[in-house]
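K.L.:
I would like the atomic coordinates for the input below:
(chains A and B)
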Amino acid sequence: MSQGNTQSQGAQTTGHVWDDDLQEYNNPLPSWWLWAFYLTIIFSITYWVLYPAWPMGKGFTTGISTITYKNDKGVEKTTHWSTRALLMKDLQDAREMQKPYFDKVAATPFDQIAKSPDLSNFVASAGKVLFSDNCAACHQSGGQGKMAFAPNLTDDDWIYGGTYDKIQATVANGRHGIMPPKGGADLSDVDMDNLANYVLSLSGEPSDSAKAAVGNELFHGKATCFSCHGADGKGNQDIGSANLTDKIWLWADVPGAGSADKKVAAVKAVIASGLNKGVMPAWGGRLSADQIKLLTVYVHDVLGGGSKK
Amino acid sequence: MMDHSKIEKNLGLMLVMVLFAISIGGLIEVVPLFFIQGTVEDVKTAEGIKMVRPYSPLELRGRDIYIREGCYLCHSQMIRPFRDEAMRYGHYSLAAESQYDHPFQWGSKRTGPDLARVGKKYSNEWQVQHLIAPRSMVPESVMPNYPWLLASELDYSDVGDRMGALRVSGVPYSTNKAEYDQNVKDFGADVAKQLHIPDSQKNLIEQAQAGNFDGNAANVSEMDAVVAYLQVLGTMVDFSKLDNDSFVKYR
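P.N.:
Residues are numbered from 1 along each chain as shown, chains lettered A, B, ... in the order given. Down below sits the predicted model:
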């Protein structure tokens, strides 16, 4: 920069001079910018008047804008604008939009819902959302369950019963699978080997018939398996003991075992260590009664319940 | 009136004044919150017991592991007051619910879901299996595996020191009889025992064995601590006993 350039325009400067000759122009702001700036000031003052804005000692200015909502008890309240009150209003609107459907689901007996196309459509779509958010983590997205973790909900085998009432009780109160371990002092390794062969024979899996015959004695005698699983091995849904005569397995991965030996080993492992798992959380506290009924119908009608027992 | 050139020629003075100038915005936003009543909601049972309590020693170690593993990078613990979040996660988070969290775990990004109310939503077994191998439970998950949590013994030798550090920042862990008695009044006797620093190691082992969060009663693993922590998240305030608009008045 040559000297003199800085002053050649004849424009106003701020009057400061740095390092002998460094000066700063003092041009007016473009008018569009200035007006935009004034507008922001007007906007903020309007905002202060309408919405909560300034802290004042132990409180704050609440603004004159209000929100009227009904809470879940149906009590109508009017309060100054806040995101929490706005949410109440949103939830109320959502409740009122879904209310006709939820009311109908609540008022309709379980087995009549499938007969109304309107209601079963609602159950299929709203139930799927609830199932995906809450149940799919264990029972998987299609309700197919997970070996050695959570039962398949799409088959006809129900540990605690597949009627509407039983499913509703399961969802609301949760479940906890218990089977006493038989390993160690109770049964020897040979005993358990024999038992496992008998249990496999119940559902027609390949087994050693000589061992199964001894296992039969144990099942109905010393090992006391019959007291929960029944003399016929068909289980008891009231206490959640599994039916051993069908080909459906949850804790012993028999279908996934490659060889007969591995099938015996899988059953033996469950006999030895028992079960203190299969915990399903109670949803009664987290979901509303309406939502639980909806889920019950979804599990029974859409995924497929069993009403045989 | 101070001459402008004095500030510009004195770096120390300018530094102080710059710091003052840029802190004004922050101070105006933050300081009033210390004075406005109801910034931290008052959440008590009908008997006057505070619902939100500090973490037990085991839960606290779990929280430290949660921070160590960087869980907060993908998981938030902050349910905002929006309809979609209420539908999916439950009641919005209260300031009171993170009043004993130092640092708070609100997070800033959700790669995974919000965890503010994950407590009791899934079984302990699910949490253990999911932490070891997330995709075995949720096929589409992108969460890394954390198998070492189950294999690693929990180091709880310094849990008392960790509680002591939080005590300095205002968390009511007790060191003496007077503080303990105050905690009995505030949180009830059962909780007060858990908050007593001299008993912290004993309490930690007891809770790990009683809860058996990792499915192995013989040891206290890091998994015990993490699952104990996850299972308490968002469960302290019993919203079923409150109207759904109980906390509107605080804002």
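
K.L.:
Could you give me the buried positions within stretch B:174-191?
P.N.:
B:Ser174, B:Glu179, B:Tyr180, B:Asn183, B:Val184, B:Asp186, B:Phe187, B:Val191 (16 or more other C-beta atoms under 10 Å in any protein chain shown). Yep, even glycine has a C-beta here, placed from its N, CA and C like the rest.

K.L.:
hmm, which two among the residues you listed are most spread apart?
P.N.:
B:Glu179 and B:Val191 (13.2 Å; C-beta to C-beta).

K.L.:
Pick out whichever of the buried residues of stretch B:174-191 sits closest to A:Pro206.
P.N.:
Nearest to A:Pro206 among the buried residues of stretch B:174-191, with distances taken as C-beta to C-beta, is B:Val191, at 56.0 Å.

K.L.:
Is chain A within reach of stretch B:135-145?
P.N.:
Yes. Using C-beta under 8 Å from any C-beta of the partner chain, stretch B:135-145 reaches chain A at B:Ser136, B:Met137, B:Val138, B:Pro139.

K.L.:
Filter those down to the buried ones, PyMOL style.
P.N.:
Of the residues of stretch B:135-145 next to chain A, the buried ones can be selected in PyMOL as follows, counting by 16+ other C-beta under 10 Å:
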select buried, chain B and resi 137+138
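
K.L.:
which bits of the stretch 1-150 of chain B sit near chain A?
P.N.:
Residues of the stretch 1-150 of chain B lying near chain A by C-beta under 8 Å from any C-beta: B:32-33, B:35-37, B:80-83, B:86-88, B:90, B:92, B:120-126, B:129-130, B:136-139.

K.L.:
which of the residues you listed are buried?
P.N.:
For the residues of the stretch 1-150 of chain B next to chain A, buried by 16+ other C-beta under 10 Å: B:32, B:36, B:81, B:86, B:88, B:90, B:92, B:120-126, B:129-130, B:137-138.

K.L.:
Need the residue closest to the centroid of chain B.
P.N.:
Nearest residue to the geometric centre of chain B (C-alpha atoms, centre = their mean): B:Asp101, 3.9 Å.

K.L.:
Need the per-residue pLDDT for residue 205.
P.N.:
You didn't say which chain, so I picked chain A. Looking at A:Glu205, its pLDDT stands at 91.

K.L.:
that's the other chain; I wanted chain B
P.N.:
Looking at B:Ile205, its pLDDT reads 96.

K.L.:
I'd say it and B:Ala218 touch.
P.N.:
No. Applying C-beta atoms under 8 Å, one finds B:Ile205 not in contact with B:Ala218, separated by 12.0 Å.

K.L.:
of these two, who's got more company?
P.N.:
Neighbour totals were compared for B:Ile205 and B:Ala218, and B:Ile205 leads with 16 against 7 (other C-beta atoms under 10 Å in any protein chain shown).

K.L.:
in what helix or strand does that one lie?
P.N.:
Using DSSP states H and E, B:Ile205 sits in helix B:200-211.

K.L.:
tell me which parts of the stretch 1-150 of chain A are close to chain B?
P.N.:
Checking the stretch 1-150 of chain A against chain B by C-beta under 8 Å from any C-beta, the hits are A:52, A:55, A:57-60, A:69, A:71-73, A:75, A:77, A:79, A:82-88, A:90-91, A:94, A:133-134, A:137-138, A:140, A:146, A:149.

K.L.:
Helices of chain B, residue ranges please.
P.N.:
B:4-9, B:11-35, B:57-68, B:83-89, B:124-132, B:134-137, B:148-151, B:159-168, B:177-187, B:189-194, B:200-211, B:222-232 (DSSP state H).

K.L.:
which of those helices is buried the deepest?
P.N.:
Mean neighbour counts were taken over the helices of chain B using mean count of other C-beta atoms under 10 Å in any protein chain shown, and the top value, a mean of 27, falls to helix B:222-232.

K.L.:
Quick one: low-confidence residue ranges for chain B.
P.N.:
Counting by pLDDT under 70, chain B has low-confidence residues at B:1-2.

K.L.:
Could you rerun that using 80?
P.N.:
Residues of chain B that meet the criterion pLDDT under 80 lie in B:1-4.

K.L.:
What ranges does the stretch 101-250 of chain A have for its helices?
P.N.:
In the stretch 101-250 of chain A, the segments counted as helices under DSSP state H, counting those that start in this stretch are A:110-113, A:117-130, A:136-139, A:164-173, A:189-202, A:209-219, A:226-229.

K.L.:
Summarise which helices and strands the first one is packed against.
P.N.:
Helices and strands touching helix A:110-113, as assessed by 3 or more C-beta pairs under 8 Å, 6 or more residues apart in numbering or on different chains; DSSP states H and E, comprise helix A:117-130, helix A:164-173, helix A:289-297.

K.L.:
Turn these into a markdown table, including distance to B:Asp224 and mean pLDDT.
P.N.:
Formatted as a markdown table, those follow (distance: least, C-beta to C-beta, whole Å; pLDDT from 0 to 100):
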| stretch | distance to B:Asp224 | mean pLDDT |
| --- | --- | --- |
| helix A:117-130 | 31 | 91 |
| helix A:164-173 | 26 | 94 |
| helix A:289-297 | 31 | 92 |
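
K.L.:
Please render those as JSON lines that adds mean neighbour count and distance to A:Asp253 to the earlier fields.
P.N.:
Listed next are these as JSON lines, based on neighbours: other C-beta atoms under 10 Å in any protein chain shown; distance: least, C-beta to C-beta, whole Å:
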{"stretch": "helix A:117-130", "mean neighbour count": "16", "distance to A:Asp253": "28"}
{"stretch": "helix A:164-173", "mean neighbour count": "19", "distance to A:Asp253": "23"}
{"stretch": "helix A:289-297", "mean neighbour count": "21", "distance to A:Asp253": "28"}
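
K.L.:
Now render these as TSV, adding distance to A:Ala213.
P.N.:
Shown next, in TSV, are these (distance: least, C-beta to C-beta, whole Å):
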stretch	distance to A:Ala213
helix A:117-130	48
helix A:164-173	35
helix A:289-297	43
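
K.L.:
Those: which one's closest to A:Gly274?
P.N.:
Among the helices and strands packed on helix A:110-113, helix A:164-173 comes nearest to A:Gly274, with 21.3 Å by C-beta to C-beta.

K.L.:
Tell me what angle that closest one forms with helix A:289-297.
P.N.:
130 degrees (axes from the mean of the first three to the mean of the last three C-alpha atoms, to 10 degrees).

K.L.:
Next, the residues that contact helix A:164-173 from outside, please.
P.N.:
The contact list for helix A:164-173 (C-beta atoms under 8 Å, 6 or more residues apart in numbering or on different chains) reads A:110-111, A:158, A:160-161, A:237, A:280, A:282-284, A:287, A:292-293, A:295-297, A:299-300, A:305.

K.L.:
From B:Gln105, how far off is the residue of the stretch 151-300 of chain A found nearest chain B?
P.N.:
Nearest residue of the stretch 151-300 of chain A to chain B (C-beta to the nearest C-beta) works out as A:Val279 at 3.7 Å. Look at A:Val279 and B:Gln105: by C-beta to C-beta, to the nearest Å, they are 26 Å apart.

K.L.:
just B:Asp161 next, same as before
P.N.:
Distance, B:Asp161 to B:Gln105, using C-beta to C-beta: 21 Å.

K.L.:
got it, and B:Ile65?
P.N.:
From B:Ile65 to B:Gln105 the distance is 12 Å (C-beta to C-beta).

K.L.:
Outline the domain layout of chain A.
P.N.:
Per the record, chain A has its domains at A:1-50, A:108-174+A:282-302, A:175-280, by automatic domain parsing.

K.L.:
closest one to B:Met236 among those domains?
P.N.:
Of all the domains of chain A, domain A:108-174+A:282-302 sits nearest to B:Met236, with 13.3 Å by C-beta to C-beta.

K.L.:
And that closest one, end to end?
P.N.:
With C-alpha to C-alpha, to the nearest Å as the measure, domain A:108-174+A:282-302 spans 17 Å from end to end.

K.L.:
before we move on, what about stretch B:97-117?
P.N.:
Across stretch B:97-117, the terminal residues are separated by 11 Å (C-alpha to C-alpha).

K.L.:
Can you give the distance from it to the centre of its chain?
P.N.:
Average the C-alpha atoms of stretch B:97-117, do the same for its chain, and the two points are 7 Å apart (C-alpha atoms, centre = their mean, to the nearest Å).
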